[in-house]
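[1] Mind looking at a prediction? Sequence and model below.
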Amino acid sequence: MTLITDVRLRRVLDSRGNPTVEADVLTESGGFGRAAAPSGASTGEYEAVERPPGEAIAAAREHAVPRLVGEAYAGNQREVDALLHAADGTDDFSKLGANSAVAISMAAAKAGADVLGAPLFQHLGGTFRGENFPIPLGNVVGGGEHAADATDIQEFLAAPVGAPSVEDAVFANAAVHAAIADLLAERDHPCGKGDEGAWAPSIDDEEAFEIVDEAVSAVEDEVGFEIGFGLDVAGAELYDADSGTYEFSDTTRDTDEQIAYIADLVEEYDLVYVEDPLDEDDYEAFADLTDRVGDQTLICGDDLFVTNTDRLREGIEQDAANSILIKPNQIGTLTDAFDAIELATANGYDSVVSHRSGETEDTTIAHLAVATDAPFIKTGAVGGERTAKLNELIRIADDAT
Ligand SMILES: C=C(OP(=O)(O)O)C(=O)O
Ligand SMILES: [Mg+2]
């Protein structure tokens with residue numbers, strides 16, 4: 001029933017106005033799935049390779065499509081993804097392009113769900129999924145690689161940890177985003193938004209902490225449940241390997257100073273989440289920080305782990321973190337992303353399923369988070385390509401999909 005009869009690939013626009021790969025998968029019994037690859041700006045060095053979309057499409061048409069059409073079943077995700085790996089033949093999808101691979105992988109999953117008449121999360125996670133929902137981490141202020149002339153820290157993330165429902169959580173993050181607009185206006189910092197819809201003011205990190213703290217407290221009082229906040233430091237982008245230091249606009253920190261700085265921030269602002277506080281090659285420094293504050297907050301590896309089970313295993317051995325960011329396009333298939341989540345869960349690591357800074361209307365990650373019982377999802381706070389995922393979570397919770 002789910003035998004794949006056609007795979008169509010095309011270039012479509014992403015949220016930055018760049019081309020990306022979209023895939024359609026069709027099956028013998030009329031099943032249909034469509035998905036598009038997201039794209040990062042602050043990409044990790046060890047991510048699977050994204051090729052220019054035109055090249056990735058040509059490579060997939062030549063090498064992957066013939067292996068899938070008439071051969072593979074969309075309902076058998078591991079088979080589809082194994083064939084994508086076989087068609088690629090490298091360990092980083094540099095032949096097909098991880099963008100073609102992930103688009104096909106996700107489209108096949110949707111086609112498999114379509115044939116079953118089941119929501120995607122249920123096809124991926126089984127019938128007992130759909131009761132628990134991830135807490136959305138909402139990017140409300142940011143800079144780094146996502147906006148010019150804004151904060152050094154890439155993302156300040158609202159984290160409505162006490163929300164009674166996913167709907168309350170989603171609206172709380174939007175309220176924090178709106179409250180920040182008011183505070184920025186009061187302080188005379190008019191600004192635009194970065195790639196993920198977060199405010200991108202031309203202020204230093206210290207002032208951003210004050211503003212986010214104030215906004216979070218105000219909204220917390222309004223809604224009556226706990227809202228914390230967290231960070232994606234994107235430490236690898238600040239790190240200068242030649243000098244071995246973290247280069248902020250107004251200061252330079254060596255690794256010990258960076259660890260102490262982050263530990264102090266965790267204390268001062270009661271941060272609930274800190275992603276990539278240190279360089280992507282420095283498991284040891286990650287372990288040092290996790291030892292200091294890992295019982296108070298989540299220390300999450302994004303560029304550190306790149307959704308890769310080998311790198312996660314190394315992290316687990318070294319006690320480098322207690323949480324992993326999951327981006328399917330970092331590793332190329334849903335199977336690989338799923339395996340990373342399972343390995344994380346088995347070792348007491350929390351998974352944070354994540355968007356990329358370049359996104360589309362695709363909602364697969366909302367379903368992946370519910371399917372795997374992931375405790376968190378990071379997918380922005382506002383903006384159509386961000387709300388596509390947030391609204392899908394609300395629909396899943398409402399049982400309307
Ligand atoms: C979402 C992120 O940004 P990008 O997609 O640019 O890597 C991130 O770093 O977590
Ligand atoms: Mg990150």
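    Yep, it's here. Ligands and ions are numbered 1, 2, ... in the order given.

[2] can we go C-alpha only for contacts and neighbour counts from here?
    Will do.

[3] Spatially nearest residue to the residue positioned nearest the centre of the chain, not counting backbone neighbours?
    With distances taken as CA atoms, centre = their mean, residue 354 lies nearest the centre of the chain, 1.6 Å away. Closest residue to residue 354 apart from its sequence neighbours, by CA to CA, 6 or more residues apart in numbering: residue 378 at 4.7 Å.

[4] All the strands of the stretch 51-200 of the chain, in order from the start?
    135-142, 155-159 (DSSP state E, counting those that start in this stretch).

[5] what packs against the longest one?
    What that stands for is strand 135-142. If you count contacts as 3 or more CA pairs under 8 Å, 6 or more residues apart in numbering; DSSP states H and E, strand 135-142 packs onto strand 155-159, helix 166-186, strand 376-378.

[6] Up against ligand 1, what does the stretch 251-400 of the chain have?
    355, 356, 357 (CA under 6 Å from any ligand atom).

[7] Which neighbouring residues are in contact with the residue nearest to the centre of the chain, exactly?
    Residues near residue 354 by CA atoms under 8 Å, 6 or more residues apart in numbering: 325, 326, 327, 365, 377, 378, 379.

[8] 10 Å instead?
    Under the criterion of CA atoms under 10 Å, 6 or more residues apart in numbering, the contact list for residue 354 reads 136-137, 302, 324-328, 365-366, 368-369, 376-380.

[9] likewise residue 247?
    Contacts of residue 247 (CA under 10 Å, 6+ apart): 152, 235, 237, 238, 239, 240, 253, 254.

[10] what do you get for residue 160?
    135-138, 166, 168-173, 176, 216, 219-220, 225-229, 272.

[11] before we move on, what about residue 138?
    Neighbour list for residue 138: 155-160, 169-170, 172-174, 176-177, 196-198, 229-230, 377-382, 386, 390 [criterion: CA under 10 Å, 6+ apart].

[12] Just the buried residues of these.
    Those of the contacts of residue 138 that meet the buried threshold are 155-160, 169-170, 172-174, 176-177, 196-198, 229-230, 377-382, 386, 390, by 16 or more other CA atoms under 10 Å.

[13] Distance-wise, check the closest residue to residue 249 other than its chain neighbours relative to ligand 1.
    Spatially, and ignoring its direct neighbours in sequence, residue 249 is nearest to residue 152 (6.9 Å; CA to CA, 6+ apart). For residue 152, the distance to ligand 1 equals 13 Å [CA to the nearest ligand atom, to the nearest Å].

[14] what about residue 152, how many neighbours?
    25 (other CA atoms under 10 Å).

[15] can you pull the pLDDT of the residue lying closest to residue 279 once chain neighbours are set aside?
    Once flanking residues are discounted, residue 279 sits nearest to residue 236: 4.2 Å by CA to CA, 6+ apart. Confidence at residue 236, expressed as pLDDT, is 98.

[16] Who are the contact partners of residue 236?
    Applying CA under 10 Å, 6+ apart, the residues contacting residue 236 are 42-45, 246, 276-282, 303-304.

[17] For residue 11, state which of those is nearest.
    Nearest to residue 11, judged by CA to CA, of those is residue 43 at 21.0 Å.

[18] helices or strands up against the helix or strand hosting residue 289?
    Assigned by DSSP states H and E, residue 289 falls within helix 283-293. Secondary-structure packing of helix 283-293 (3 or more CA pairs under 10 Å, 6 or more residues apart in numbering; DSSP states H and E): helix 255-269, strand 298-301, helix 309-318.

[19] and the angle from the last one to helix 283-293?
    Orientation note: helix 309-318 sits at an angle of 50 degrees relative to helix 283-293 (axes from the mean of the first three to the mean of the last three CA atoms, to 10 degrees).

[20] May I see the buried residues of helix 309-318?
    309, 311, 312, 313, 315, 316.

[21] just to revisit the earlier point, I'd like to know which of the contacts of residue 247 are part of helices.
    Using DSSP state H, the subset of the contacts of residue 247 located in helices is 235, 237, 238.

[22] Dump those into a markdown table; add neighbour count as well.
    A markdown table is the format used below for the ones in helices among the contacts of residue 247 (neighbours: other CA atoms under 10 Å):
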| residue | neighbour count |
| --- | --- |
| 235 | 23 |
| 237 | 22 |
| 238 | 23 |
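
[23] Cheers, nothing more for now.
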